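Trainee: generate a structure from the sequence data that follows.
(chains A and B)
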Amino acid sequence: MPGLTNPSSDYSAWYNEVVLQGELADYAPVRGCMIIRPYGYAIWELMQQALDGMFKETGHQNVYFPLLIPESFLQKEAEHVEGFAPECAVVTHGGGKKLEEPLVIRPTSETIIWNTYRDWIQSYRDLPLLYNQWANVLRWELRTRLFLRTLEFLWQEGHTAHATQEEAVEETHRMLGVYRRFAEEWMALPVIPGIKTESEKFAGAVQTLCIEAMMGDRRALQAGTSHFLGQNFAKAFDVTYQDETGGRQHVWATSWGVSTRLIGALIMGHGDEKGLRLPPRLAPYQVVVVPIYKTDEEKTAVLESAHRLVDFLKTSARVKLDDRDTVRPGFKFNEWELRGVPLRVEMGPKDLAKGQVVLARRDTGTKEFLPQEGLAEHVRATMDDIHRTLFEQAKAFRDANTFRVDTWEEFRERTAGEGGSGFLLAHWDGAAETEALIKEETKATIRCIPLDNPQEAGKCVRTGKPSTQRVVFAKAY
RNA sequence: CGGGGCGUAGCGCAGUCCGGUUAGCGCACCAGACUGGGGGUCUGGUGGUCCCCGGUUCGAAUCCGGGCGCCCCGACCA
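Mentor: Just a heads-up that it's a prediction; the model follows:
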């Protein structure tokens, strides 16, 4: 197996190699599509389990709507059609015949869902509707990257309906909070929760909330979004309910989603020159046991002992025994490091004799000798520590690459050249034209206006016009 | 859609400029032996529509014409 390109010399080559060599995914026969391999899919399944549990804890139920949407549905919400029509794939033929009405392959499901909600909602007693679906969607992107932006991707999309604006807004924030917790507590990634500007918000939303993370090349990645849709879709699809007083009201809506892009965030948020570093809670294998032996007698003894150890550890961690006889230990070390397994146990004749094992940490690269007794406890504690360490490292990196920028000169300097610029906290006059101008001149965009943003008087970094707060600029994926 | 790169064994590539034995190398794979605490060594072996179509030629991976596809960089976006 060839070595990895160093991330500091060519970040995107490094990223692709981690995905391909680590066997997370492969290219598909069709441009921009990918095959998710077992190891990559296992990470996605762990993400799904954790998120699904959090959705259910917050009162949501899963549903499934169809892949195909009548083309006319997309056209009912003006902003929505403008945003999505250019990237829709359209089915025009079926069964060898031209269809009466073309069918769009869903780029997102608001339209088909709200078309259905019209029938499901009559009274305030029917509300709220708190539904989520796990699905694939298709967007005909021009430029694709494994996991970060593929034509087809897997995601979850929550679609809720509420009687009042207050309730819907509260739901939007609640789900952003869920995403933030997931990012921090499962992915070990610090994120900035915030509000998108008008030009960056979801097509059809009144307000888009997001969490923004910093990748290893100092670029920003939007890791999740939660939209307050107002009554836009209710009006487009004529969804109303009768309130307690007998009056007819339009329903208030939210939608929110995260996708397989999060796997890309994991890679770029924690990876190093050896490959992936998985946070333990999302690692398909949390511990890999590598037996070491020369002779047949040693092999028998070591494997027997290794099996006992694995059975023992199984109750407290996801353990993989790598008993392949076709590759040597050094190869296994490198391979599992590339694939980001948080902990490795090495066990050989010398260890057997001493009743110990070698425990190696992926995050710090340190090795320690430990008695087999009490190992499960130690593994559990170490995994918690790895999670903390990954989070702290990512946060330290982000903080070291976050700058308060007050002059246009400095802004230009920090965004010059290829690669990321870090997060630039700068004043902005609030005008879409200024935002567009800055984007054109520097490639940096406003990632978000942080929630609970401190207010301070200042001058727009580009125009010098008065401003009341700093916003987060960055070059983004 | 613009710019760049590439298409030859499962993967990575050489050969193409300047046409000519049986298309080659590394890795992987198969068999065996020795090995085994950080990406093993040796011996033998399997595996090819040279992206596709057409043309030139006694002869094309190589020259000419046309087409297709993928990757990377930008514009669009989770």
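Trainee: can you confirm A:V471 is in a strand?
Mentor: Yes. Remark: A:V471 belongs to a strand, assigned using DSSP: H, G, I helix; E, B strand; the rest coil.
Trainee: now do the contacts for it.
Mentor: A:197, A:425-428, A:446, A:448-450, A:453 (Cβ atoms under 8 Å, 6 or more residues apart in numbering). Placement of C-beta: from N, CA and C, glycine included.
Trainee: which other helices and strands contact the helix or strand where A:E346 lies?
Mentor: Under the criterion of DSSP states H and E, A:E346 resides in strand A:343-347. Under the contact criterion of 3 or more Cβ pairs under 8 Å, 6 or more residues apart in numbering; DSSP states H and E, strand A:343-347 touches strand A:287-291, helix A:296-313, helix A:329-338, strand A:356-361, helix A:375-400.
Trainee: okay, the angle between the second one and strand A:356-361?
Mentor: When you say that, I think you mean helix A:296-313. Here the directions of helix A:296-313 and strand A:356-361 differ by 60 degrees (axes from the mean of the first three to the mean of the last three Cα atoms, to 10 degrees).
Trainee: strands paired with whatever helix or strand comes next after helix A:296-313, and their directions?
Mentor: Going down the chain from helix A:296-313, the next helix or strand is strand A:319-321, by DSSP H and E. Paired neighbours of strand A:319-321 in the sheet (DSSP bridges): strand A:287-291 (parallel).
Trainee: what angle separates the partner strand from strand A:343-347?
Mentor: Using the same axes, to 10 degrees: strand A:287-291 against strand A:343-347 is 20 degrees.
Trainee: and the angle from strand A:287-291 to helix A:375-400?
Mentor: Using the same axes, to 10 degrees, strand A:287-291 lies at 120 degrees relative to helix A:375-400.
Trainee: any residue of strand A:287-291 up close to RNA strand B?
Mentor: No. Using Cβ under 7 Å from any atom of the strand, strand A:287-291 stays clear of RNA strand B, with a minimum separation of 8.2 Å.
Trainee: average pLDDT for that strand?
Mentor: The average pLDDT within strand A:287-291 is 96.
Trainee: so how far is it off the chain centroid?
Mentor: Distance of strand A:287-291 from the chain centroid (Cα atoms, centre = their mean, to the nearest Å) equals 29 Å.
Trainee: any chance of the backbone angles for the residue in the stretch 1-150 of chain A positioned nearest to RNA strand B?
Mentor: Using Cβ to the nearest atom of the strand, A:R31 is the residue of the stretch 1-150 of chain A that sits closest to RNA strand B, at 2.7 Å. Torsion angles at A:R31 (phi, psi; degrees, to the nearest 10) stand at phi -50, psi 130.
Trainee: that one: neighbouring residues, count only.
Mentor: 9 (other Cβ atoms under 10 Å).
Trainee: contacting residues for it?
Mentor: A:144, A:151.
Trainee: could you rerun that using 10 Å?
Mentor: A:144, A:150-151 (Cβ atoms under 10 Å, 6 or more residues apart in numbering).
Trainee: now A:M54: closest residue in space, sequence neighbours ignored.
Mentor: A:V178 (5.0 Å; Cβ to Cβ, 6 or more residues apart in numbering).
Trainee: A:L424 now?
Mentor: Per Cβ to Cβ, 6+ apart, closest to A:L424 is A:F473, 4.2 Å.
Trainee: and for A:R143?
Mentor: Using Cβ to Cβ, 6+ apart, the nearest residue to A:R143 is A:R149, at 7.0 Å.
Trainee: thinking again about what came up before, and the following helix or strand past the strand holding A:E346, what other elements does it pack with?
Mentor: Note on strand A:343-347: by DSSP H and E, the next helix or strand toward the C-terminus is helix A:349-354. Here helix A:349-354 touches helix A:296-313, strand A:356-361, strand A:367-371, going by 3 or more Cβ pairs under 10 Å, 6 or more residues apart in numbering; DSSP states H and E.
Trainee: give the rounded mean pLDDT of helix A:349-354.
Mentor: 94.
Trainee: same thing with stretch A:79-99?
Mentor: Rounded mean pLDDT across stretch A:79-99 is 88.
Trainee: which stretches of chain A form helices?
Mentor: A:11-21, A:38-57, A:71-74, A:78-84, A:110-120, A:165-185, A:232-236, A:261-270, A:296-313, A:329-338, A:349-354, A:375-400, A:408-415, A:432-442 (DSSP state H).
Trainee: the fourth one packs against which elements?
Mentor: Right, helix A:78-84. By 3+ Cβ pairs under 10 Å, 6+ apart, helix A:78-84 packs against helix A:71-74, helix A:110-120, helix A:232-236.
Trainee: can you point out the buried residues in the last one?
Mentor: This points to helix A:232-236. Of the residues in helix A:232-236, A:232-234, A:236 count as buried by neighbour count, 16 or more other Cβ atoms under 10 Å.
Trainee: residues in contact with it?
Mentor: Under Cβ under 10 Å, 6+ apart, the answer for helix A:232-236 is A:73, A:75-81, A:110-111, A:113-115, A:117-118, A:121, A:159, A:161-162, A:204-206, A:239-241, A:249-253, A:255.
Trainee: how far out from the middle of the chain is that helix?
Mentor: 29 Å.
Trainee: quick one: average confidence on it?
Mentor: Computed over helix A:232-236, the average pLDDT equals 96.
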